[in-house]
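Asker: Below are the sequence and a predicted model; questions follow.
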Amino acid sequence: GAVVSQHPSWVICKSGTSVKIECRSLDFQATTMFWYRQFPKKSLMLMATSNEGSKATYEQGVEKDKFLINHASLTLSTLTVTSAHPEDSSFYICSARGGRALDEQFFGPGTRLTVL
Amino acid sequence: DQQVKQNSPSLSVQEGRISILNCDYTNSMFDYFLWYKKYPAEGPTFLISISSIKDKNEDGRFTVFLNKSAKHLSLHIVPSQPGDSAVYFCAARISNSGYALNFGKGTSLLVTP
């Protein structure tokens, strides 16, 4: 199956700093990438959808100035959590759709963000 | 508003027996349903899916049943194996609406030897 990587796998930062998370599709070109977050014992909640070369579409309640998404190429999308606060601590997961399996989303391994 | 619901947070099954994981949804526009398996600190991996035009899809030990009138689907795993122990997420989407997925909260399955 298609492989999606995320970097870093975990990060600890101080409150007020910004953190960038990368999502890469390794063996296919991703038409669309999705960003989700998961709180403990909660479902994955879609944050935003991004298509290469265009602005991301954010879900209701997600601050676009807080969570900056850049999808500069067909294999890379980045999520930057700006001025992170402890309540932003969560598990962030990206997924990618594209290649031969347009009907499926392939998920990255996730990034655990802890804001102190 | 949770449109996909998995009302059982956990399930314990003996090895060799059948595991049945349930999922309900509220949005009648959903036309494609998926099951994902997730281990801690990892992303979900796709297991099996079903289109709303079908009522059953089978892949090896995994079978998904869809009851559209009841807005209910279930994942059957038989026979269950200890390696099946993980969190299982039900997801649904509206295919002509961008392919974004709506997830349930997950059911933690424990298969005991």
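Answerer: Sure, I can see it.
Asker: Look at B:Gly83 and give its secondary structure.
Answerer: Three-state call for B:Gly83 (DSSP: H, G, I helix; E, B strand; the rest coil): helix.
Asker: Who is the residue nearest to it when sequence neighbours are not counted paired with across the strands?
Answerer: Leaving aside its sequence neighbours, B:Gly83 sits nearest to B:Val111 (C-beta to C-beta, 6 or more residues apart in numbering or on different chains; 7.8 Å). For every residue, glycine as well, the C-beta is placed using N, CA and C. Counting by DSSP bridges, B:Val111 is bridged to B:Val13.
Asker: check contacts around B:Val111.
Answerer: The neighbours of B:Val111, taking C-beta atoms under 8 Å, 6 or more residues apart in numbering or on different chains as the test, are B:12-15, B:19, B:80-85.
Asker: repeat for A:Lys14
Answerer: A:115-116.
Asker: Number of residues surrounding the nearest residue to B:Thr45 once chain neighbours are set aside?
Answerer: Setting aside the residues directly before and after it, B:Thr45 is nearest to B:Lys37 in space (C-beta to C-beta, 6+ apart), at 5.3 Å. Using other C-beta atoms under 10 Å in any protein chain shown, B:Lys37 has 21 other residues around it.
Asker: B:Lys37 is in contact with B:Val87, isn't it?
Answerer: Yes - contact status for B:Lys37 versus B:Val87: in contact at 7.5 Å, counting by C-beta atoms under 8 Å.
Asker: Flag every residue of chain B that's near chain A.
Answerer: Counting by C-beta under 8 Å from any C-beta of the partner chain, the residues of chain B lying close to chain A are B:2, B:4, B:9, B:32, B:34, B:36, B:41-46, B:49, B:89, B:98-106.
Asker: Just the buried ones among those residues, please.
Answerer: Among those, those scoring as buried are B:4, B:32, B:34, B:36, B:42-44, B:46, B:49, B:89, B:99-106 (criterion: 16 or more other C-beta atoms under 10 Å in any protein chain shown).
Asker: Any regions of the chain where pLDDT drops low?
Answerer: With no chain named, the answer covers chain A. Residues of chain A that meet the criterion pLDDT under 70 lie in A:1, A:99-103.
Asker: could you pull out the strands for it?
Answerer: A:4-7, A:10-13, A:19-25, A:30-38, A:44-51, A:57-58, A:67-73, A:76-81, A:90-98, A:101-107, A:111-115 (DSSP state E).
Asker: So what's the gap between the fourth one and the chain middle?
Answerer: So that's strand A:30-38. 6 Å (C-alpha atoms, centre = their mean, to the nearest Å).
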